[in-house]
Structures are given as structure tokens and as C-alpha cells.
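Colleague: build me a model:
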Amino acid sequence: MIWSECKEIWSQGPKEYLFELWNMLDFGMLAIFAASFIARFMAFWHASRAQNFVDANMKDLTSPTLEPNIKYYTLGELMAHD
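Modeller: Coordinates of the predicted model:
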């Protein structure tokens, strides 16, 4: 779909493409799709890094304690429950 829109911009020219409202709707839809894909990828990447950190640094998980710089990120969750 993105390639199709690029070909349409090339054939119509940028000025003509922007004056048709349907093209703006298509562009917006594709932008939201791309943003959601990037957000999912970044969430997976950050979760992977967090899991690798836990696997590498926390050998004993019977009583896990977080380092102060990591514990900071749990404060929002604690405040939401108050």
C-alpha cells in the first residue's frame, strides 16, 4: 500500500496529490499503520532488553530486589494504586 501511494505521488505530482482529500485519508491511514508497527517493534525490543538484563544480573529470584535506578520506574505503578 505504501508503494502504491508513492507511485501515485510520482504519477500525479505532489501538488495534485495533496489537493485530493482521499489521498490525505490514505496517507493518514498508512502513517498510523507504520506508527503502530514501530511502536510494537520498540515495545518488543525494550522487553527483550529488560529480560536480558534480568537473566544476566539476577541469579537468585527467590527474593528479587531491584537496583535503585530500575526501581524508579515502578513508582508510577505504586502511585496508581493509592
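Colleague: give me the element Trp22 is part of.
Modeller: Under the criterion of DSSP states H and E, Trp22 resides in helix 21-57.
Colleague: and Ala56, how many residues sit next to it?
Modeller: Close neighbours of Ala56, defined as other Cβ atoms under 10 Å, add up to 8. All C-beta atoms are positioned from the backbone trio N, CA, C, and that covers glycine.
Colleague: point to the helix or strand of this structure where mean pLDDT is at its lowest.
Modeller: None of the helices or strands of the chain scores lower by mean pLDDT, DSSP states H and E than helix 75-80, at a mean of 58.
Colleague: list the buried residues in stretch 7-14.
Modeller: Buried residues in stretch 7-14, counted by 16 or more other Cβ atoms under 10 Å: Glu8.
Colleague: what ranges of this structure fall below the confidence cut-off?
Modeller: For the chain, applying pLDDT under 70 flags the ranges 61-82.
Colleague: try 90
Modeller: 1-6, 8-9, 14-15, 17-24, 26-27, 50-82 (pLDDT under 90).
Colleague: spatially central residue in it, please.
Modeller: Centroid-nearest residue in the chain, with Cα atoms, centre = their mean: Ala39, separated by 1.2 Å.
Colleague: distance of that residue from Phe53?
Modeller: Taking Cβ to Cβ, to the nearest Å as the measure, Ala39 falls 21 Å from Phe53.
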